[in-house]
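>>> coordinates only, sequence not included:
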């Protein structure tokens, strides 16, 4: 049986990932999390409450595990911009510490396709990174240190996530598919600024199956991980197709987020992985959740990383 530590296992990605591996008989799963966005953790799984900056605590346990899935991070451009120094500490320095001190097994690390910044080509993993934010820069620092120094690793450059993960962890309304779907359900018009920007996207639950696939098949390396590339305007049209009463307003002006990139996922697909979920499925899930009123207050800052972190002191 393989012992797995999911660092950040109570988060948007980690919640479902915990469920996936906890159900497998050949894994012994433990979650390590500081419950930054949660008030409790009630899953029937081993749990350690802790911060990734607490290296004294982590140092006592990390080499007890065959696999460490490192999801913990300050995630998103807006969230990382609040305190660049703190973002570097959490997103890079803690990862460097992990690589320097973990000697037993495999590190699975989630980076971001945001490292590409702006690129008009359809790009693969060999493209020159062009990070435009603290978030992208710190993730790029971390993945480069892993590549140069870790003995056994898998790195995923994730596309923009969407959809619902597990039934316990919070939703995120600061992700483009989710927020546009929410606005459409609420009867708001979807305002598209320019709309020609491209993004790779994927369902949040597919991250867990990619991790499972790579561990099970001994796949190692650095991979773009996405379902498909979409234009922001095309995404709005997809939502309108599923919610025909939705109105779209096009504004002939650039959006403040300058990121614009399309990625190839041929490398990971060549290993036999394919996404299980589609954009339509993810949008319909969100429509159902919102239409049934299952979220009491969609304006609660906890559903947005940046809005929530502005209200607390992580120091």
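On my side now, so go ahead. Nothing here was measured: the structure is a model prediction, and the numbers come from that model. Numbering: from 1, shown residues only.
>>> In the protein, mark out all the strands, start to finish.
In the chain, the strands defined using DSSP state E lie at 2-7, 27-33, 46-49, 67-70, 106-112, 118-123, 153-158, 160-162, 190-193, 198-203, 221-225, 228-231, 248-251, 260-263.
>>> what comes into contact with the shortest one?
The contact list for strand 160-162, computed with CB atoms under 8 Å, 6 or more residues apart in numbering, reads 12-13, 113, 172, 175-178, 199-204, 207, 279, 282-283, 286. Yep, even glycine has a C-beta here, placed from its N, CA and C like the rest.
>>> Out of the residues you listed, which sit inside helices?
Using DSSP state H, the subset of these located in helices is 176, 177, 178, 204, 207, 279, 282, 283, 286.
>>> For the protein, give me the ranges with low pLDDT.
Residue ranges of the chain with pLDDT under 70: 194-195, 253-258.
>>> wait, residue 181 sits on residue 238?
No - look at residue 181 against residue 238 with CB atoms under 8 Å: they stay out of range, at 9.7 Å.
>>> overlap in contacts of the two?
Contact criterion CB under 8 Å, 6+ apart; residues shared by residue 181 and residue 238: residue 283.
>>> Between those two, which has more neighbouring residues?
residue 181 (29 against 16; other CB atoms under 10 Å).
>>> if I look at that one, how far off is residue 222?
Residue 181 is 31 Å from residue 222, where distance means CB to CB, to the nearest Å.
>>> do the same with residue 198
21 Å.
>>> cool, residue 193 as well?
As judged by CB to CB, residue 193 and residue 222 stand 32 Å apart.
>>> again with residue 45
According to CB to CB, residue 45 and residue 222 sit 29 Å apart.
>>> Who has more neighbours out of the two?
Set residue 45 next to residue 222 and count neighbours by other CB under 10 Å: residue 222 wins out with 19 against 16.
>>> show me what contacts that one?
Residue 222 makes contact with 125, 143, 147, 155, 157, according to CB under 8 Å, 6+ apart.
>>> In this structure the second one contacts residue 155, no?
What it means is residue 143. Yes - using CB under 8 Å, residue 143 is in contact with residue 155, at 5.1 Å.
>>> Mutual contacts of the two, please.
Shared contacts of residue 143 and residue 155 (CB under 8 Å, 6+ apart): 109, 111, 222.
>>> And for residue 81, the neighbour number?
14.
>>> ignore the last one, residue 250
Residue 250 has 13 neighbouring residues, counting by other CB under 10 Å.
>>> Kindly report the same for residue 42.
The number of residues packed near residue 42 is 8, by other CB under 10 Å.
>>> OK, contacts around the closest residue to it other than its chain neighbours?
Leaving aside its sequence neighbours, residue 42 sits nearest to residue 168 (CB to CB, 6 or more residues apart in numbering; 7.0 Å). Residue 168 sits next to 15, 42, 43 when contact means CB under 8 Å, 6+ apart.
>>> wait, the last one sits on residue 18?
Same thing as residue 43. Yes - look at residue 43 against residue 18 with CB under 8 Å: they come within range, at 6.5 Å.
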